[in-house]
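Peer 1: Have a look at this prediction, sequence included:
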Amino acid sequence: MLSIYNSLTGKKEPFQSLQPKTVRMYVCGVTVYDYCHIGHARSALVFDVIRRYLEFSDYQVAFVKNFTDVDDKIIKRANERGVSCDAITAEFIEAYYQDMGKLGIRRATNEPKATEHMAEIIELVGTLIQKGLAYQVAGDVYFQVEKYQDYGRLSKRKLEDLQAGARVEVDARKRHPMDFALWKSSKPGEPSWDSPWGPGRPGWHIECSAMSMKHLGETFDIHGGGMDLIFPHHENEIAQSCGATGKEFARYWAHNGFVQINREKMSKSLGNFFTIREIFEKSRWPEAETGEMLRYFLLGTHYRSPLDFSDQSLLEAKNAADGFYGLFARLEEAGDKSTADKGLMEAIERCRVAFREAMDDDFNTSVALAALQRLKSDVNKLLSQGLSTEARKIAREEFRSLGINLGLFQLGKWQFSQMPIGQAMELSQVSAITRGRVVRIDQAAEADPPKPIVSAAKPKSDFSDTQVQLKVDERNEARKQKNFKKADEIRQSLASNGIVIEDKPDGTSRWKR
RNA sequence: GGCGCCGUACCCAAGUGGUUAAGGGAGCAGUCUGCAAAACUGCGAUGCAGCGGUUCGACCCCGCUCGGCGCCUCCA
């Protein structure tokens, strides 16, 4: 039985979909005016995994994830560059697909854009005015929070509390400081749509109400997003949607925790963020492995907890993944004995049960990974006792089919790393010092904290696969003749090119990068 | 000022009112190996920030203190 932590109630609740065997889920996507950072990656990944696991649990999932493509920041960026808003949003939607694609994040079943739902948005605003929940001031329309009884239910705040701490100067035309814009009149040169209140554009929150209700119905199952969206975005969505329909809106609210740098929230305003593409560019591993490493890293912590991003954690994830792919490589060789085949089935069954239990418990990927690690350890032992070719295939398949829930273990070959964690950390510190020096000289005022980097060194790739194989063969010939000096020299020269040899009992060797 | 979260071994990270406090990474020792690598085995928190309280019993519940953080403005 699946249970989900519901931000609305603050409790873990058994999950029950409105319609049997179907889940309707809406997740707030990104505002497309810039490249995505690791925080965006985490959010996208978390809900991707939730979607995958729901499907694994035999639900059909209608998964809607929007793009916000009308917004102040987009307009600003377009003006800076002297291009149209459409050009900006098209560019960054494309970038989004590229970056998330590298992370193996599947597309949602529906990815609506605000600009394509003006009719629905305008209709919804009209309904809210009609019902007396919204009012017009010149060309603007505001939602009147005092008219909505349950305002503050999700974020667990009272209107008075919010008012007391208001950090921004209040627009005097508003009836209550917390009233928020449903429709904004547009200034010349801004994107604009005709409406009963004059030419304008929608406020931020209304698009999500309009799009979710259009594509999923007035009441649906799960609504997700980052923690920072709880207030005001999701609170306002609830007010608008429930206000307009008089019905329940989303039944379960799921919010992911932040990615942090040095225990601080990663964010644009703090400037302490890493874009996804930056990580891929700096990574010393090929794209597929880097994506796998990032996923492994991001899923090592429960989705609601904060997650600190660092070189070391990333390398730990890489090393942990190495262990799996090392086993997969050994499983791909033919086996003659079937001594332990029966034990394999038991180990697999044990893993399946543990995996499901973990994921059923509010998508506890950390514990689910532990279950897979247990299976890895079990299979390693069984392999040394002897597994048939058949059983080896079954074992590899099992990792694949459970792993796909997390998007892991789907790769064919894996590039291994030789860099010990200690060494990598030193590299990181060196670069941090260098960076600090540059900052001191150039812009003393902006001494930002040292940023960790993925890695300094790109792997040397002096040898092609066939060249390596020739060297390996040469070494084994030397070994056969007990010329260990020569054998060790060859191994050493390969090692300095990042290639590791593992000798097999039969006198042949496997190697990895 | 209001609301809320977190503090578990060298690092990361699960977890439960009462069994041996998962798992990973790193480390050390051993087995195996020509030597390695990998794998395997063993070691590693008498304690879960600190102090009180509730309880037959608390890391887990309550209170306080210390430390870190988030939201209340755009933000995944």
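Peer 2: Received the coordinates, thanks.
Peer 1: Are we agreed that A:Ile230 is in a helix?
Peer 2: Yes. Per DSSP: H, G, I helix; E, B strand; the rest coil, A:Ile230 lies within a helix segment.
Peer 1: Isn't it up against A:Cys28?
Peer 2: No. Counting by C-beta atoms under 8 Å, A:Ile230 stays clear of A:Cys28, with 10.8 Å between them. For the C-beta atoms, the positions are set from N, CA and C on the backbone; glycine is no exception.
Peer 1: For those two, indicate the residue with more neighbours.
Peer 2: Of the pair A:Ile230 and A:Cys28, A:Cys28 is the one with more neighbours under other C-beta atoms under 10 Å, namely 22 against 18.
Peer 1: wait, what's in contact with the more buried one?
Peer 2: A:65-66, A:208, A:224-226, A:229, A:233-234 (C-beta atoms under 8 Å, 6 or more residues apart in numbering).
Peer 1: Residue ranges of each domain in chain A, please.
Peer 2: Following automatic domain parsing, one finds the domains of chain A at A:13-256, A:261-403, A:465-512.
Peer 1: so which of the ones you listed comes closest to RNA strand B?
Peer 2: domain A:13-256 (1.8 Å; C-beta to the nearest atom of the strand).
Peer 1: The closest one: end-to-end distance?
Peer 2: 17 Å (C-alpha to C-alpha, to the nearest Å).
Peer 1: Next, work out how far apart the residue nearest to A:Val259 when sequence neighbours are not counted and A:Tyr5 are.
Peer 2: Once flanking residues are discounted, A:Val259 sits nearest to A:Gly39: 4.4 Å by C-beta to C-beta, 6 or more residues apart in numbering. Distance, A:Gly39 to A:Tyr5, using C-beta to C-beta, to the nearest Å: 20 Å.
Peer 1: Of these two, give the one with the bigger neighbour count.
Peer 2: Between A:Gly39 and A:Tyr5, A:Gly39 has the larger neighbour count (other C-beta under 10 Å), namely 25 against 19.
Peer 1: Moving C-terminal from the least confident helix or strand in chain A by mean pLDDT, which element do we reach first?
Peer 2: None of the helices or strands of chain A scores lower by mean pLDDT, DSSP states H and E than helix A:421-442, at a mean of 38. Using DSSP states H and E, the next helix or strand after helix A:421-442 towards the C-terminus is helix A:465-480.
Peer 1: is RNA strand B contacted by the helix or strand that that next one is followed by?
Peer 2: Next in sequence after helix A:465-480, counting helices and strands by DSSP H and E, comes helix A:484-495. Yes. Using C-beta under 7 Å from any atom of the strand, helix A:484-495 reaches RNA strand B at A:484, A:487-488, A:491.
Peer 1: Can you check these and name whichever has the most neighbours?
Peer 2: A:Arg491 (22 neighbours).
Peer 1: Secondary structure element holding the residue lying closest to that one once chain neighbours are set aside?
Peer 2: Spatial nearest neighbour of A:Arg491, excluding adjacent residues (C-beta to C-beta, 6+ apart): A:Ile501 at 5.4 Å. Counting by DSSP H and E, the element that carries A:Ile501 is strand A:500-503.
Peer 1: what are the pairing partners of that strand, and which direction each?
Peer 2: Here strand A:500-503 is paired, per DSSP bridges, with strand A:509-512 (antiparallel).
Peer 1: The closest residue to A:Pro191 other than its chain neighbours: how many residues sit nearby?
Peer 2: Spatial nearest neighbour of A:Pro191, excluding adjacent residues (C-beta to C-beta, 6+ apart): A:Cys85 at 5.3 Å. A total of 22 residues lie near A:Cys85 under the criterion other C-beta under 10 Å.
Peer 1: Where does the prediction get shaky in chain A?
Peer 2: A:163-169, A:417-462 (pLDDT under 70).
Peer 1: one more time with 80
Peer 2: A:161-171, A:269, A:417-463, A:498, A:513 (pLDDT under 80).
Peer 1: Could you pull up phi and psi at A:Thr68?
Peer 2: Phi and psi for A:Thr68, reported as degrees, to the nearest 10, are phi -90, psi 110.
Peer 1: Name the residues of the strand holding A:Ile501 that are buried.
Peer 2: A:501, A:503 (16 or more other C-beta atoms under 10 Å).
Peer 1: which other residues reach that strand?
Peer 2: Contacts for strand A:500-503 (C-beta under 8 Å, 6+ apart): A:416, A:418, A:472, A:475, A:479, A:491, A:494-495, A:509-513.
Peer 1: most neighbours, which of the residues you listed?
Peer 2: A:Arg475 (24 neighbours).
Peer 1: Just give the nearest non-adjacent residue to it, would you?
Peer 2: A:Ile490 (4.1 Å).
Peer 1: Touching, the one you found and A:Glu474? I think so.
Peer 2: Yes. Taking C-beta under 8 Å as the definition, A:Ile490 is a contact partner of A:Glu474 at 6.1 Å.
Peer 1: Now that the residue nearest to A:Pro191 has come up, it's in contact with A:Asn79, right?
Peer 2: No. If you go by C-beta under 8 Å, A:Cys85 and A:Asn79 don't touch, sitting 9.2 Å apart.
Peer 1: and stretch A:279-292, how far out from the chain's middle?
Peer 2: Taking C-alpha atoms, centre = their mean, to the nearest Å, one finds stretch A:279-292 lying 15 Å from the centre of the chain it belongs to.
Peer 1: Just the buried positions in it, please.
Peer 2: A:279-280, A:283-286, A:288-292.
Peer 1: So what touches stretch A:257-277?
Peer 2: Here stretch A:257-277 has contacts from A:34-42, A:95, A:98-100, A:102-103, A:226-228, A:301, A:303-310, A:448-449, A:451-452, using C-beta under 8 Å, 6+ apart.
Peer 1: Try it again at 6 Å.
Peer 2: Residues outside stretch A:257-277 that contact it (C-beta atoms under 6 Å, 6 or more residues apart in numbering) are A:35-39, A:41-42, A:99, A:227, A:304-309, A:449.
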